[in-house]
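Colleague: got a predicted structure plus its sequence, pasted below:
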Amino acid sequence: MTTGTTTAPLTPGQARLWLAERLTPGEYVVQSAVRVSGPLREDVLRACAARLVERHEALRTVVDDRGPEPVQVVLDEAPDVLSAEDADDVDARVAELRARPFDLRSEPPVRITLLRVGPEDHVLVFTYHHIAVDGWSLAVLVSELTELYPALAEGRSPDLPPAPRFTDHALRARPEPTAALDHWRAALEGVPELSGPRPDLPPPARRGGLAHARRVELPAEVCAAVTGVARDARATPFQVLLGCFAAVLTGADERPAAETVVGVPVAGRLDPADHRLVGFLVNLVPVRIACPPATTLRELTDRVRRTVLDAADHADAPFDRIAAAGGLPPTPRRARLAQSVFDLHPPAEPPRFPGARTAWHPVPPTRTRYEVELHLDFTRSGATGHLLTSADLFTADSAEFFRDSFEETARRWAEDPGAALRTIREVLA
């Protein structure tokens, strides 16, 4: 292990990912890729990568597990994380880069690979472990790269504020989330241990983590209708579509008490000092949603809005402690408490380089940590994303079914938000 003098305990979220990595190596390796059409200086890009690693502790941190509890160690010397190579088959090479796990005990948790496709055609691939970079962190890094590149190319100092230290965040004293845990005990009283769709296959003794991924598309007219329902309910499109997703997850359950629990990521950055912090801060909170067959989309949206706001107000408790407060033990062969996850956000901006055009290069997801996941980029002009199902538990046909059901439920229910869920299901049957 390369030496480092700055240490801190793992945060609760990092500890959960560290354990997951030990059980299933590579499960939390994440990728983003950018197509760059135009001039791109490799020497400047290498200098940018070095500056990012110097600025942000999380990008040069390893885990030392030789003591009673694992700790994070910030390397004294910033490692070189950028490599460059020629590539004929970009997608195949991106997949190969994704398949290589990180040894978090000995190497930094990020790799940047510049794939040379042509003289002025490149794909810049960011491969990182989630223990060091969450979605908010990636946006910070992209914005800083956009500032760093022209500054270093011109030989001037970039206009960037000092970067906050992740070890300061990890060491920061936090009060015991007593009020939050009291809330979750009440909110999760009587919650079923399993509330996701019934699997097609028996749970394996050991999770493989592979996913069936299906692309989801909601056209502009559907997004406009969803926005209208949200406006009328003083809610957000996120809350409307979360309700539609919950309706799909409960399937044909005609019981008045039909319900599901959906995990929703929250940024975990209530302190303004953390807004430019690179690291893993995200938390997952459970949203318990009742979907009786007589409910309308207006009624469901109102319930989801109130439940989501309550969950956000009590999101300072780590997910594992929330599940324990609900009286649910760990379930080694199934996801604990929330078998499904929903995430919606505006599309992220790619980095920009002078004289070049940039766009995100699609990297289809191949793995899932839950049983059903839905991730959407939402704008009024349309929404795109992926629905993932665990290949350990569901067939590919089920992934198609859940995707089609969500798209059609969102379209038909947003057009007629006063219709009962039972009626929507009958139309789709």
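Modeller: Ah, there it is. Residues are numbered from 1 along each chain as shown.
Colleague: what ranges do the strands span in the stretch 201-350 of the chain?
Modeller: 211-218, 259-266, 283-290, 340-345 (DSSP state E, counting those that start in this stretch).
Colleague: low-confidence ranges, the stretch 201-350 of the chain, go.
Modeller: 253-254, 256 (pLDDT under 70).
Colleague: ok so, going back, figure out which of the strands of the stretch 201-350 of the chain is closest to residue 354.
Modeller: Smallest distance to residue 354 across the strands of the stretch 201-350 of the chain (Cβ to Cβ): 27.6 Å, for strand 340-345. Where C-beta positions appear, they are placed from N, C-alpha and C, glycine not excepted.
Colleague: which neighbouring elements make contact with that closest one?
Modeller: Applying 3 or more Cβ pairs under 8 Å, 6 or more residues apart in numbering; DSSP states H and E, we find strand 340-345 packed against helix 237-249, strand 259-266, strand 372-379.
Colleague: need the winner for burial among those.
Modeller: Mean neighbour count, computed with mean count of other Cβ atoms under 10 Å, is highest for helix 237-249 among these, reaching a mean of 27.
Colleague: OK, contacts around the closest residue to residue 157 other than its chain neighbours?
Modeller: Residue nearest to residue 157 in three dimensions, not counting chain neighbours: residue 151, with 6.5 Å by Cβ to Cβ, 6 or more residues apart in numbering. The contact partners of residue 151, taken as Cβ atoms under 8 Å, 6 or more residues apart in numbering, are 157, 158, 159.
Colleague: scan the residues you listed and report the most crowded one.
Modeller: Scoring these on neighbours with other Cβ atoms under 10 Å, the highest-scoring entry is residue 158 at 15 neighbours.
Colleague: got the buried residues for the host helix or strand of the residue nearest to residue 157?
Modeller: Counting by DSSP states H and E, the element that carries residue 151 is helix 135-153. Buried residues in helix 135-153, counted by 16 or more other Cβ atoms under 10 Å: 135-138, 140-142, 144-146, 148-149, 151-153.
Colleague: now stretch 350-370
Modeller: Under the neighbour-count criterion of 16+ other Cβ under 10 Å, stretch 350-370 has 350-353, 356, 358, 361, 363, 365-370 buried.
Colleague: which of those residues lies closest to residue 85?
Modeller: Taking Cβ to Cβ as the measure, residue 85 lies nearest residue 361 of the buried residues of stretch 350-370, at 15.7 Å.
Colleague: confidence score at the closest residue to the closest one other than its chain neighbours?
Modeller: The shortest distance from residue 361 to any non-neighbouring residue, by Cβ to Cβ, 6+ apart, is to residue 33 (4.0 Å). Note for residue 33: predicted pLDDT of 98.
Colleague: again with the one 3 residues further on
Modeller: Predicted confidence (pLDDT) at residue 36: the value is 98.
Colleague: same check on residue 5?
Modeller: pLDDT, residue 5: 80.
Colleague: cool, the one 10 residues further on as well?
Modeller: On the pLDDT scale, residue 15 is placed at 94.
Colleague: which elements pack onto the strand or helix carrying it?
Modeller: According to DSSP H and E, residue 15 maps onto helix 12-23. If you count contacts as 3+ Cβ pairs under 8 Å, 6+ apart, helix 12-23 packs onto helix 319-325.
Colleague: contacts for the helix it packs on?
Modeller: Under Cβ under 8 Å, 6+ apart, the answer for helix 319-325 is 12-13, 16, 177, 180-181, 184-185, 188, 263, 283-286, 317, 336-337.
Colleague: burial of residue 171, as a residue count?
Modeller: Using other Cβ under 10 Å, residue 171 has 12 neighbouring residues.
Colleague: just checking, it touches residue 10?
Modeller: No - applying Cβ atoms under 8 Å, one finds residue 171 not in contact with residue 10, separated by 11.3 Å.
Colleague: need the contact list for the spatially most central residue of the chain.
Modeller: Central residue of the chain (Cα atoms, centre = their mean): residue 135, 6.3 Å from the mean position. For residue 135, the contacting residues are 265, 282, 345, 348, by Cβ under 8 Å, 6+ apart.
Colleague: mind checking pLDDT for it?
Modeller: With respect to pLDDT, residue 135 scores 94.
Colleague: and what of residue 365?
Modeller: 94.
Colleague: nearest residue to it in space, please, no chain neighbours.
Modeller: Leaving aside its sequence neighbours, residue 365 sits nearest to residue 213 (Cβ to Cβ, 6+ apart; 4.9 Å).
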